[in-house]
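In: What would the 3D arrangement of this be:
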Amino acid sequence: QVQLVESGGGLVQAGGSLRLSCAASGRTFNWSAMGWFRQAPGKEREFVAAISWNGDSAEYADSAKGRFTISRDNAKNTVSLQMNSLNPEDTAIYYCAAARPFMTMTTTHRGYDYWGQGTQVTVSS
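Out: Here you go, the predicted structure:
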């Protein structure tokens, strides 16, 4: 079992930056691929970024490439999402997710079994 708690959301002006963090509890974190997803009002949850269990590979949604960076610290059981050059279209609730141990990193939400409660990111124009 993995429990996830996100933090770092807030209100920022367009062009600004935010760093989201996800603290994980559970013995299997170190072997779990991790992902960030987001959901805007009236829209489906969408993939943002994912990182492999050992951090040696990552994937990004096209909307995130060049602006967002996902990273993890297995010693601290944390995964982070650095978001730069934010724009109003990035406004959403951002969710951290963990896959079951040894599962391949994936961009689909069906690949993740554990979810945080979400953190709100609002970008003003």
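In: hey, where'd the strands end up in the protein?
Out: According to DSSP state E, the chain carries its strands in the segments 3-7, 10-13, 18-25, 34-39, 46-51, 58-60, 68-73, 78-83, 92-98, 114-115, 119-124.
In: quick one, the last one and strand 3-7 angle?
Out: Here strand 119-124 runs at an angle of 20 degrees relative to strand 3-7 (axes from the mean of the first three to the mean of the last three C-alpha atoms, to 10 degrees).
In: now for strand 119-124, which elements pack on it?
Out: strand 10-13, strand 18-25, strand 92-98 (3 or more C-beta pairs under 8 Å, 6 or more residues apart in numbering; DSSP states H and E). Placement of C-beta: from N, CA and C, glycine included.
In: try 10 Å
Out: On a contact count with 3 or more C-beta pairs under 10 Å, 6 or more residues apart in numbering; DSSP states H and E, strand 119-124 meets strand 3-7, strand 10-13, strand 18-25, strand 78-83, strand 92-98.
In: okay, these in TSV with mean neighbour count, distance to His109 and mean pLDDT next?
Out: Shown next, in TSV, are the helices and strands packed on strand 119-124 (neighbours: other C-beta atoms under 10 Å; distance: least, C-beta to C-beta, whole Å; pLDDT from 0 to 100):
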stretch	mean neighbour count	distance to His109	mean pLDDT
strand 3-7	17	14	96
strand 10-13	13	24	98
strand 18-25	19	15	96
strand 78-83	22	16	98
strand 92-98	23	7	97
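In: so which of the ones you listed gets nearest Gly35?
Out: strand 92-98 (4.6 Å; C-beta to C-beta).
In: so what strands line up beside that closest one?
Out: For strand 92-98, the paired strands and their directions (DSSP bridges) are strand 34-39 (antiparallel), strand 114-115 (antiparallel), strand 119-124 (antiparallel).
In: tell me the angle of that strand relative to strand 78-83?
Out: Using the same axes, to 10 degrees, strand 92-98 lies at 150 degrees relative to strand 78-83.
In: and strand 92-98, how far out from the chain's middle?
Out: Remark: strand 92-98 is offset 5 Å from the chain centroid, using C-alpha atoms, centre = their mean, to the nearest Å.
In: could you dump that strand to PDB, C-alpha only?
Out: Taking Å, rounded to 0.1, in the frame of the first residue of the first chain, the C-alpha atoms of strand 92-98 are listed here in PDB:
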ATOM      1  CA  ALA A  92      -6.100  22.400 -12.900                       C
ATOM      2  CA  ILE A  93      -6.000  20.100  -9.900                       C
ATOM      3  CA  TYR A  94      -2.700  18.200 -10.100                       C
ATOM      4  CA  TYR A  95      -2.600  14.600  -8.800                       C
ATOM      5  CA  CYS A  96       0.400  12.400  -7.900                       C
ATOM      6  CA  ALA A  97       0.100   8.700  -8.700                       C
ATOM      7  CA  ALA A  98       2.000   5.600  -8.000                       C
END
